[in-house]
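K.L.:
this one's structure only:
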């Protein structure tokens, strides 16, 4: 059985950052999937489920309402390993193309102090599983420690 691309990434050498995970052609269009790696794999504790769930709600809301990126946003969701998120945009993009919107998004989460969008019983399948303060802390940590200091190794998978 062929190994899928994301399993071929050397997670021992992977830094926190923004990576192009894959590009898929759909007809004549390209969809670019990004790996937003907020935690060092297998080295630091994974995100708590409640905080990650809240981050998912905040990021999806932010992207779907963004003036420039709303029409390009296909998907935003958590990684099962709880070390980051996947984000899919319409277009043939590189990591540098999305740095500004990701910085905006993580700043939005860091500053967010309202009712969590889509987090009531009618709108969410696990509405009790949220942690706004934890989400804010995770966003601030990634913003301060990674997004404010991006280098080549935070934007391209290790070879």
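P.N.:
Right, received. Where do you want to start? This structure is a prediction, so every number in the text was calculated from the model and none was measured.
K.L.:
give me phi/psi at residue 64?
P.N.:
phi -70, psi -10 (degrees, to the nearest 10).
K.L.:
Which helix or strand contains residue 45?
P.N.:
Assigned by DSSP states H and E, residue 45 belongs to neither a helix nor a strand.
K.L.:
Name the nearest residue to it, ignoring sequence neighbours.
P.N.:
Nearest residue to residue 45, sequence neighbours excluded (CB to CB, 6 or more residues apart in numbering): residue 39, at 7.5 Å. C-beta: built from backbone N, CA, C; applies to glycine.
K.L.:
Model confidence for the one you found, exactly?
P.N.:
At residue 39, the model reports a pLDDT of 97.
K.L.:
my read is it is in a helix, agree?
P.N.:
No: using DSSP: H, G, I helix; E, B strand; the rest coil, the assignment for residue 39 is coil, not a helix.
K.L.:
I'd say it and residue 78 touch.
P.N.:
No: the criterion here is CB atoms under 8 Å, and residue 39 misses it with residue 78 at 11.6 Å.
K.L.:
between the two, what contacts are shared?
P.N.:
Counting by CB atoms under 8 Å, 6 or more residues apart in numbering, the residues touching both residue 39 and residue 78 are residue 84.
K.L.:
circling back to that earlier point, contacts only, for the residue nearest to residue 45.
P.N.:
16, 45, 46, 47, 82, 83, 84.
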